[in-house]
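Trainee: Below: sequence and its predicted model.
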There are 2 protein chains.
Amino acid sequence: MIKDLFKKRKSIEQVEESKELAPKFNEDGLIPVVTTDFKSGEVLMQGYMNKEAFYKTITLGEAVYYSRSRKSLWHKGKTSGYVQTIKEIRIDDDQDCVWLKVDLNGGASCHVGYKSCFYRSIPFGKNSADSGVVLEFKEKEKVFDPKKVYKDSPNPTKL
Amino acid sequence: MIKDLFKKRKSIEQVEESKELAPKFNEDGLIPVVTTDFKSGEVLMQGYMNKEAFYKTITLGEAVYYSRSRKSLWHKGKTSGYVQTIKEIRIDDDQDCVWLKVDLNGGASCHVGYKSCFYRSIPFGKNSADSGVVLEFKEKEKVFDPKKVYKDSPNPTKL
């Protein structure tokens, strides 16, 4: 049960140095999640989980997030078919962030169609800001066509 | 200048498919940042940047965050000596998250003394929640002794 899985936060030593899982959910009841490809190490996406999503991810072995735009649990891949199989789950020092290492099973994690959501690079350096930044596409081809997969679903990107 | 670096968000197509840098800062003026080791791919930490920190990171080539606990810019490594040299900066599809690939220069990124903040693993699977979760330490030794490095500075972990 969920209440047995997450311990009460009692001390900094417990949170940082012990083997107890005592995650901190923010004022919206969410904890940020970083998801990487377990083979390549590339960051695929950054999302959020509420208590129930975290519980389901741990017990199911598949990534379940909380969608802030849809305000509901989000079992990743249920629409696109690209379920994220959990290979490892890590928690950080103060237990307010989760790292998932996942197997995409040959699929993609980005709703735009790329493998990773982070398909563009920002040039940097002393003079980079003067001339205006031009992003560089690091992924050249989409893995899937979002129009075919999501059809008429609303785009989750908010301006 | 900062105002020239970040473009106004005009359309979903601009944000997702163009080469314009038009990041979204949240209601607190912050954007989440995922930082990985450029060689090993391991996630080192997850932090936040405000506009000024993002500008400084891009122009300086070293990671500058915004500390929510101290409410100020945080040039990572200025106390511990473990500056994060930027190797690549990526931005995600809807431009509300940044991925930094950094060189720790042999140091550590975690205030507890480990290389990565994510030094503990959460066991998962069908029955994992029943018996109570016991975290597993994946890093066995600290890179540095936080008491020696930070001395009397307050611990940033909040309960």
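Mentor: Looks like it came in fine.
Trainee: remind me which residues of chain A are low pLDDT?
Mentor: A:131 (pLDDT under 70).
Trainee: at 80 what do you get?
Mentor: A:1-4, A:79-80, A:127-132, A:152 (pLDDT under 80).
Trainee: quick check: longest helix of it.
Mentor: helix A:51-60 (DSSP state H).
Trainee: That one - contacts with which helices or strands?
Mentor: helix A:2-5, strand A:64-67, strand A:72-75, strand A:85-91 (3 or more Cβ pairs under 8 Å, 6 or more residues apart in numbering or on different chains; DSSP states H and E). Where C-beta positions appear, they are placed from N, C-alpha and C, glycine not excepted.
Trainee: Among the ones you listed, which comes closest to chain B?
Mentor: strand A:85-91 (3.9 Å; Cβ to the nearest Cβ).
Trainee: right, is that closest one up against chain B?
Mentor: Yes - for strand A:85-91 and chain B, the contact criterion (Cβ under 8 Å from any Cβ of the partner chain) is met by A:Ile86, A:Glu88, A:Ile89, A:Arg90, A:Ile91.
Trainee: Could I get the contacting residues of whichever residue of chain A sits closest to chain B?
Mentor: Scanning chain A for proximity to chain B using Cβ to the nearest Cβ identifies A:Gly41 as nearest, at 2.1 Å. Applying Cβ atoms under 8 Å, 6 or more residues apart in numbering or on different chains to A:Gly41 gives the contacts B:Thr36, B:Ser40, B:Gly41, B:Glu42.
Trainee: Please report how far it lies from B:Lys148.
Mentor: 31 Å (Cβ to Cβ, to the nearest Å).
Trainee: Now list the buried members of the contacts of A:Gly41.
Mentor: The neighbour-count criterion (16 or more other Cβ atoms under 10 Å in any protein chain shown) marks B:Thr36, B:Gly41, B:Glu42 among these as buried.
Trainee: quick one: which of the residues you listed is nearest to chain A?
Mentor: B:Gly41 (2.1 Å).
Trainee: Look up phi and psi at that closest one.
Mentor: phi 80, psi 0 (degrees, to the nearest 10).
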